[in-house]
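Participant: just coords:
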C-alpha cells in the first residue's frame, strides 16, 4: 500500500477530474438509442450529440426477420 502523501494527493486530484454522474430519464435514454437506429446514423455522432461516451450506448438487439 502506498502511504506517500504526494501519491495519495495525485490520486485524489484525478478522482476530482471525472465528470459528475448524470441521471437520465427513460425518455432521454430512449431518444439517445433512437438516434443510433436511424439509417446511416453513427453511434459515435449520437454519443457526442448527447454528451455521453460511445460505450455507454447499448441499443436493443432486434432479431432479423429472415431467420
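Facilitator: That came through fine. Predicted, not measured: the structure shown is a model, and the values here were computed from it. Numbers count the residues shown, from 1 in each chain.
Participant: Low-confidence ranges, this structure, go.
Facilitator: Along the chain, the parts satisfying pLDDT under 70 run over 1-19, 59-67.
Participant: again, only using 90
Facilitator: Scanning the chain with the threshold set as pLDDT under 90 gives 1-24, 29-30, 33-34, 36-38, 42, 52-67.
Participant: Distance-wise, check residue 58 relative to residue 39.
Facilitator: Relative to residue 39, residue 58 is positioned 20 Å away (C-beta to C-beta, to the nearest Å). From N, CA and C alone the C-beta is placed, and that goes for glycine too.
Participant: Among the two, which residue is more densely surrounded?
Facilitator: residue 58 (11 against 4; other C-beta atoms under 10 Å).
Participant: Identify the residue spatially nearest to that one, adjacent ones excluded.
Facilitator: Excluding the flanking residues, the one nearest residue 58 by C-beta to C-beta, 6 or more residues apart in numbering is residue 33, at 7.7 Å.
Participant: what's the burial count for the one you found?
Facilitator: By the criterion of other C-beta under 10 Å, residue 33 has 15 neighbours.
Participant: for it, helix, strand, or coil?
Facilitator: helix (DSSP: H, G, I helix; E, B strand; the rest coil).
Participant: what's stretch 40-57 in contact with?
Facilitator: Stretch 40-57 is contacted by residues 22, 28, 31-33, 35-36, 59 when judged by C-beta atoms under 8 Å, 6 or more residues apart in numbering.
Participant: Make CSV out of the residues you listed and add distance to residue 45.
Facilitator: Formatted as CSV, the contacts of stretch 40-57 follow (distance: C-beta to C-beta, whole Å):
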residue, distance to residue 45
22, 19
28, 17
31, 14
32, 11
33, 14
35, 8
36, 9
59, 14
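Participant: which of the residues you listed tops the neighbour count?
Facilitator: residue 32 (21 neighbours).
Participant: residues contacting it?
Facilitator: Neighbouring residues of residue 32 by C-beta under 8 Å, 6+ apart: 24, 46-47, 50, 52, 57.
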